[in-house]
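1. how would this look folded up:
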Amino acid sequence: MLPFTSIGEAEAAMGRNLTVAEAVWFQYSAGMHDFWLYAHNIVFLLLVYSVAPLPVALAELKRPKAIHKYKLQPKVHVPVADVLKCYKNVVKTFLFAVGPLQLVSFPTIKWVGIRTGLPLPSGGGGGAAGRILRGGGLLQLLAPPGAAQPLGLRSHPPGAPRVHGARGFAAPYAHWAEVLILGFPAFLGPAIAPCHILVFWLWFVLRHVEAIETHCGYVRLPLIHHRLLIEMHYAAS
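-> Alright, predicted model coming up:
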């Protein structure tokens, strides 16, 4: 929760006018407890998991010839019912395992120094968005190999080869205990380099999108997220 009751008070404390991004952040977060800001991470992960795999899932249904050469298993086709079943099982894991873990870990977030206040991440050009992007890039560099899949799929449960045909939706498909254990390495980046909550959100979204991409069933697609992010990162630098 921000320690200011008005934008004027925040500007007086900072000795300057708020940027547009900071004013928007103030309006949104001023009266919200840090716990609820941290809980946004659950919503973002669910949203990303529901939306990010859709393009590849639709490609599986339409089977356009233009991307057929990028498919790792050209002969594999999974019924829509199996995709929906995979999605349902993973959402349950999110709601009953990942969600509660996120909430009970709030004291740790405060302890390592994740902040929610003003100013927003600063340094260099590119505005607040560019600075937040660079912060996410820094955490990517700090991530250990085991953090590549924050809600991970390092070993597959029985039936995984078939479920894996669900493509990106199978990224976090694993036993709930494995999901929790393999989620801890992803936290090392923010723990090593404490950041603003906006960078923290971006960090976990990027790690989750990376896991989805890794399990999408296609390789070296022209428009994959990490290539675009690298270009955006350098453009913002």
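2. mind listing what the most centrally placed residue in the chain touches?
-> Centroid-nearest residue in the chain, with Cα atoms, centre = their mean: Val205, separated by 1.0 Å. Val205 makes contact with Phe44, Leu45, Val48, according to Cβ atoms under 8 Å, 6 or more residues apart in numbering. C-beta: built from backbone N, CA, C; applies to glycine.
3. And Leu103, by the same measure?
-> Phe35, Ala39, Ile42.
4. now Ile212
-> Val48, Tyr49, Ala52, Pro53, Gly168, Ala171.
5. how about 7 Å then?
-> Going by Cβ atoms under 7 Å, 6 or more residues apart in numbering, Ile212 touches Ala52, Pro53, Gly168, Ala171.
6. Now pLDDT too, for those, in JSON lines please.
-> JSON lines is the format used below for the contacts of Ile212 (pLDDT from 0 to 100):
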{"residue": "Ala52", "pLDDT": "86"}
{"residue": "Pro53", "pLDDT": "86"}
{"residue": "Gly168", "pLDDT": "73"}
{"residue": "Ala171", "pLDDT": "75"}
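7. And the next helix or strand past the helix or strand of the chain with the lowest mean pLDDT?
-> One helix or strand of the chain scores below all others by mean pLDDT, DSSP states H and E: helix 160-163, with a mean of 44. Remark: after helix 160-163, the chain's next helix or strand is helix 176-183, criterion DSSP states H and E.
8. Give me the distance from that next one to the chain's centre.
-> 16 Å (Cα atoms, centre = their mean, to the nearest Å).
9. Likewise for stretch 207-217?
-> Using Cα atoms, centre = their mean, the offset of stretch 207-217 from its chain centre is 11 Å.
10. Would you mind checking which of the contacts of Ile212 is nearest to Met14?
-> Ala52 (36.1 Å; Cβ to Cβ).
11. Need the nearest residue in space to that closest one, chain neighbours excluded.
-> The shortest distance from Ala52 to any non-neighbouring residue, by Cβ to Cβ, 6 or more residues apart in numbering, is to Ile212 (4.9 Å).
12. cool, Trp176 as well?
-> Ala97 (4.1 Å).
13. Tell me who's in contact with that neighbour.
-> With contacts defined as Cβ under 7 Å, 6+ apart, Ala97 is in contact with Trp176, Val179, Leu180.
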